[in-house]
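Trainee: fold the following, please.
(one chain, ligands or ions: 1)
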Amino acid sequence: MTATPEIQQKVVQLKQQLIQAGYAYYVLDNPIMEDAVYDQLYRQLQDLETQYPELITPDSPTQRVGDQPASQFTSVKHNIPLYSLENAFNQQELAKWQERWQRQAPDVQDFAYVCELKIDGSALALTYENGILVRGVTRGDGVTGEDITQNIRTIRTIPLRLNLDNPPSIVEVRGEAFLPIAVFEKINQEREQSGEALFANPRNAAAGTLRQLDAKVVDKRKLNFFAYTLHLPNHPNHPTSQWESLELLQKMGFRVNPNRKLCKSLAEVEEYYQEWDTARRNLSYLTDGVVVKLNSYSLQQRLGFTQKFPRWAIALKYPAEEAPTIVKDIIVNV
Ligand SMILES: CC(C)(CNC(=O)c1ccc(Oc2ccccc2)cc1)c1ccc2c(N)nc(N)nc2n1
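Mentor: Got it, this is the predicted structure:
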């Protein structure tokens, strides 16, 4: 039976309400409706989609968790490599990096750095076509990754459709998939109870979860995602800076880490680094450093890349914490 225009409109309206409520809850952490109301609207949409399957669209909230486990993942070559970051472990190494890029662009006096927290997770590359999520790929070796689209779709902070009126034909987004510490600990408790090997840390747990063949398992693990890179291939009005890209990523509906800062000098970068060395202990997720990027895209393009790293970015790392070793009770013969 084909759906009447009223039914079609009802389905569109339910999807809009559920997508907006999901965005407020997961991305803004600011719920706009009771869970019970959300569940009731969700069931209404599910019933209508069951009755009228032709009304199901890929961006429907009911389409996040596939019920067919994958048999394997196919390899995909990244359109744009996922570069690694050069590491600096102290202020001296940071100053040397600045001297290096300034030697390459000695005429540049007016510049700014974008400082972003470095989340201890697993990098992902997302592709949207006409605003619809079509592919999600792991970092892999930076050149080739694994297509884990059906797993990515379960991450509620990754929009299935960009929140733009007329989206660019292709949008590439990179970011970090991660497990909040509390979620990581709960997963390990469950694994301990079921006698499974524990994950060593949230980063391994996130990477391991992303490569699960069954999306229902991924869904239960409650992965999260911060976007940090935006590419609009051959788009007329591309953002001209990293700061602009982060703002546009937020507008598109992504979760972007709010603890970013535009710094005019290395002194300000160092201040940010020290501030967050303390403040990060109150965050719900693990960080392992600060990423410092030259803000201007024209300067980024001028500086380019080495074999492995962009010359215009660096990771200023925090000292690794000794893993909280579980010290077995040592029975001392007294
Ligand atoms: C800087 C970059 C390596 C991303 N890459 C880019 O932003 C980027 C930007 C222009 C590029 O230039 C192009 C080259 C060819 C075609 C198109 C663009 C390529 C990559 C990176 C890597 C890891 C990060 C991390 N763990 N946390 C945060 N917060 N930021 C991070 N940023």
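Trainee: tally of neighbours for residue 206?
Mentor: Using other CB atoms under 10 Å, residue 206 has 26 other residues around it. For the C-beta atoms, the positions are set from N, CA and C on the backbone; glycine is no exception.
Trainee: residue contacts, it?
Mentor: 121-122, 177-179, 223 (CB atoms under 8 Å, 6 or more residues apart in numbering).
Trainee: tell me the one of those nearest residue 269?
Mentor: Using CB to CB, residue 121 is the member of the contacts of residue 206 that sits closest to residue 269, with 22.3 Å.
Trainee: quick one: contacts for the closest one?
Mentor: Contacts of residue 121 (CB under 8 Å, 6+ apart): 176-179, 202-203, 206, 226, 285.
Trainee: of the contacts of residue 206 - the most surrounded one?
Mentor: residue 179 (29 neighbours).
Trainee: for the ligand, what are the nearby residues on the stretch 101-250 of the chain?
Mentor: Contact residues, the stretch 101-250 of the chain versus the ligand (CB under 6 Å from any ligand atom): 116, 118, 174, 176, 228-229, 231.
Trainee: check these for burial and list the buried ones.
Mentor: 116, 118, 174, 176, 228-229, 231 (16 or more other CB atoms under 10 Å).
Trainee: farthest-apart pair in the residues you listed, please.
Mentor: Applying CB to CB across these, the maximum distance is between 118 and 231, 19.9 Å.
Trainee: can you redo the buried ones among the residues of the stretch 101-250 of the chain next to the ligand as CSV with secondary structure and pLDDT?
Mentor: Shown next, in CSV, are those (DSSP: H, G, I helix; E, B strand; the rest coil; pLDDT from 0 to 100):
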residue, secondary structure, pLDDT
116, strand, 98
118, strand, 98
174, strand, 98
176, strand, 98
228, strand, 98
229, strand, 98
231, strand, 97
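Trainee: name the nearest residue to residue 238, sequence neighbours excluded.
Mentor: residue 232 (5.0 Å; CB to CB, 6 or more residues apart in numbering).
Trainee: quick one, what contacts the one you found?
Mentor: Counted by CB under 8 Å, 6+ apart, residue 232 has contacts 168, 170-172, 238-239.
Trainee: repeat the analysis, applying 10 Å as the threshold.
Mentor: Counting by CB atoms under 10 Å, 6 or more residues apart in numbering, residue 232 touches 167-172, 238-239, 245, 248.
Trainee: and for residue 260?
Mentor: Applying CB under 10 Å, 6+ apart, the residues near residue 260 are 114-117, 228, 242-243, 246, 272, 290-291, 293.
Trainee: need these in TSV (columns: secondary structure and distance to residue 15).
Mentor: Conversion of the contacts of residue 260 to TSV gives the following (DSSP: H, G, I helix; E, B strand; the rest coil; distance: CB to CB, whole Å):
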residue	secondary structure	distance to residue 15
114	strand	35
115	strand	37
116	strand	32
117	strand	33
228	strand	28
242	helix	33
243	helix	32
246	helix	27
272	helix	40
290	strand	39
291	strand	35
293	strand	36
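Trainee: considering these, which possesses the most neighbours?
Mentor: That'd be residue 290 among the contacts of residue 260, by other CB under 10 Å, with 28 neighbours.
Trainee: surely that one meets residue 89?
Mentor: No. Counting by CB atoms under 10 Å, residue 290 stays clear of residue 89, with 11.9 Å between them.
Trainee: joint contacts of those two?
Mentor: By CB under 10 Å, 6+ apart, the residues touching both residue 290 and residue 89 are 315-318.
Trainee: could you measure from residue 169 over to residue 316?
Mentor: For residue 169, the distance to residue 316 equals 36 Å [CB to CB, to the nearest Å].
Trainee: what's the neighbour count on the closest residue to residue 318 other than its chain neighbours?
Mentor: Nearest in space to residue 318, with sequence neighbours left out and distances taken as CB to CB, 6+ apart, is residue 289 at 5.5 Å. By the criterion of other CB under 10 Å, residue 289 has 24 neighbours.
Trainee: surely residue 289 meets residue 276?
Mentor: Yes. Here residue 289 reaches residue 276: they are 9.4 Å apart, a contact under CB under 10 Å.
Trainee: quick check: neighbours shared by these two?
Mentor: Here residue 289 and residue 276 share the contacting residues 117-118, 318, scored by CB under 10 Å, 6+ apart.
Trainee: what are the ranges of the helices in the stretch 51-200 of the chain?
Mentor: In the stretch 51-200 of the chain, the segments counted as helices under DSSP state H, counting those that start in this stretch are 91-104, 149-152, 181-193.
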